[in-house]
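Q: Return atomic coordinates for the entry below.
(one chain, ligands or ions: 1)
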Amino acid sequence: MKLSLRTLAAILVALSVSGCAHSGSPGDHGAGAATAPVTGGDALATLKAGNERFVSGRPLAPATDAETLRVAAEKGQHPFATVLTCSDSRIPVERVFDRGFGEIFVVRVAGNVTSPHETGSVEFSLYKLHVPLLVVMGHTKCGAVQAACAGARVTPNIDSFITSIEPAVQRVRNENPGISSDELEKLAIQENVRQTLRDLYATSPLIREKVSTGAIQVAGAVIDVSNGRVEWFADVPRPDAK
Ligand SMILES: [Zn+2]
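A: Got it, this is the predicted structure:
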């Protein structure tokens with residue numbers, strides 16, 4: 001199909017209006033997010049505070065009204081954090097961080113692994129939406145990690161994410177000979193978060209550059225599905241680490 005220049009220009013304008021390719025300034029946040037954080041540190045503090053509210057049973061449910069959604073649709077999205085996490089139905093991301101429409105760019109895939117589609121989604125949020133914080137979040141009782149610990153094989157497509165997790169499982173086994181199965185699962189969930197960060201760095205010059213220059217902040221976390229509490233890592237792999 002050959003597009004005329006006029007048609008192409010019309011498509012680009014439409015994308016821009018819809019917010020799909022919005023490139024507004026990081027500080028230009030939409031309705032319901034007038035006080036949205038613009039630095040990675042502020043964004044992380046906002047997520048931590050939201051999770052505290054959720055866990056304590058006192059959520060404010062900000063930016064969850066229809067008007068916020070309407071304005072965000074009209075003016076474009078300006079999320080302050082990108083969260084790559086598992087598809088598990090027990091971790092609705094905006095709810096556990098007590099945030100709403102247009103605030104968190106969420107990439108979900110079983111086992112919170114990354115392949116070109118997920119990495120590209122993260123890149124899009126950093127490059128086009130100027131998101132200042134990237135979080136990779138695993139969770140307790142993750143079926144994908146359990147399958148990797150068991151060396152399970154199911155279908156080629158399911159196996160694709162299981163095998164992406166297996167290097168993390170093997171690393172935990174190597175570093176902890178004789179480890180119990182419960183402890184293996186717990187540590188593998190944490191190591192899989194670090195592995196995903198390493199995979200993002202290994203396959204994305206853009207993400208490496210954003211992290212190395214301090215343009216974005218990176219965080220790792222595991223959420224407990226029994227109570228919604230997010231435990232944040234003290235440190236995470238850096239692009240230059242071996
Ligand atoms: Zn999972």
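
Q: Helix, strand, or coil at Phe105?
A: strand (DSSP: H, G, I helix; E, B strand; the rest coil).

Q: list the helices and strands the longest helix along the chain packs on?
A: Ranked by residue count under DSSP state H, the longest helix found in the chain is helix 181-203. Where contact means 3 or more CB pairs under 8 Å, 6 or more residues apart in numbering; DSSP states H and E, helix 181-203 is packed against helix 116-127, strand 133-139, helix 143-150, helix 156-175, helix 205-212, strand 217-223. (Glycine included, C-beta is placed from N, CA and C.)

Q: Output these as a markdown table; include the columns mean pLDDT and distance to Ala43.
A: Output for the helices and strands packed on helix 181-203, formatted as a markdown table (pLDDT from 0 to 100; distance: least, CB to CB, whole Å):
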| stretch | mean pLDDT | distance to Ala43 |
| --- | --- | --- |
| helix 116-127 | 98 | 12 |
| strand 133-139 | 99 | 4 |
| helix 143-150 | 98 | 26 |
| helix 156-175 | 98 | 26 |
| helix 205-212 | 98 | 14 |
| strand 217-223 | 98 | 7 |
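
Q: Check which residues of the longest helix of the chain are buried.
A: The neighbour-count check on helix 181-203 (16 or more other CB atoms under 10 Å) flags 184-201, 203 as buried.

Q: any weak-confidence spans in the chain?
A: By pLDDT under 70, the low-scoring segments of the chain are 1-35, 242.

Q: Would you mind listing what in it touches the ion?
A: Neighbours of the ion within the chain, by CB under 5 Å from the ion: 86, 88, 142, 144.

Q: let's see 8 Å
A: By CB under 8 Å from the ion, the residues of the chain that approach the ion are 86-88, 110-112, 138-139, 141-145.

Q: ChimeraX command for the buried members of those residues?
A: To isolate the buried ones among the residues of the chain next to the ion in ChimeraX, judged by 16+ other CB under 10 Å, type:
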select :86,88,110,111,112,138,139,142,144,145
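
Q: any chance of the residues of the chain next to the ion in TSV, plus distance to Gln217?
A: Formatted as TSV, the residues of the chain next to the ion follow (distance: CB to CB, whole Å):
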residue	distance to Gln217
Cys86	21
Ser87	25
Asp88	25
Ala110	26
Gly111	24
Asn112	18
Gly138	18
His139	21
Lys141	28
Cys142	24
Gly143	30
Ala144	26
Val145	25
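
Q: isn't Gly50 right up against Asp98?
A: Yes - taking contacts as CB atoms under 8 Å, Gly50 lies within contact range of Asp98: 3.6 Å.

Q: Spit out the residues that contact the two alike.
A: Common neighbours of Gly50 and Asp98 (criterion: CB atoms under 8 Å, 6 or more residues apart in numbering): Pro59.

Q: if we can go back for a sec, tell me the most buried of the helices and strands packed on helix 181-203?
A: Stretch with highest mean neighbour count among the helices and strands packed on helix 181-203: strand 133-139 (a mean of 27; mean count of other CB atoms under 10 Å).

Q: I'd like to know which elements it is packed against.
A: Using 3+ CB pairs under 8 Å, 6+ apart: strand 133-139 touches helix 40-55, strand 81-85, helix 181-203, strand 217-223.

Q: what's stretch 125-134 in contact with?
A: Counting by CB under 8 Å, 6+ apart, 21-23, 25-26, 37-40, 42-44, 47, 77-82, 84, 105, 107, 122, 206-207, 210-211, 215-219 sit against stretch 125-134.
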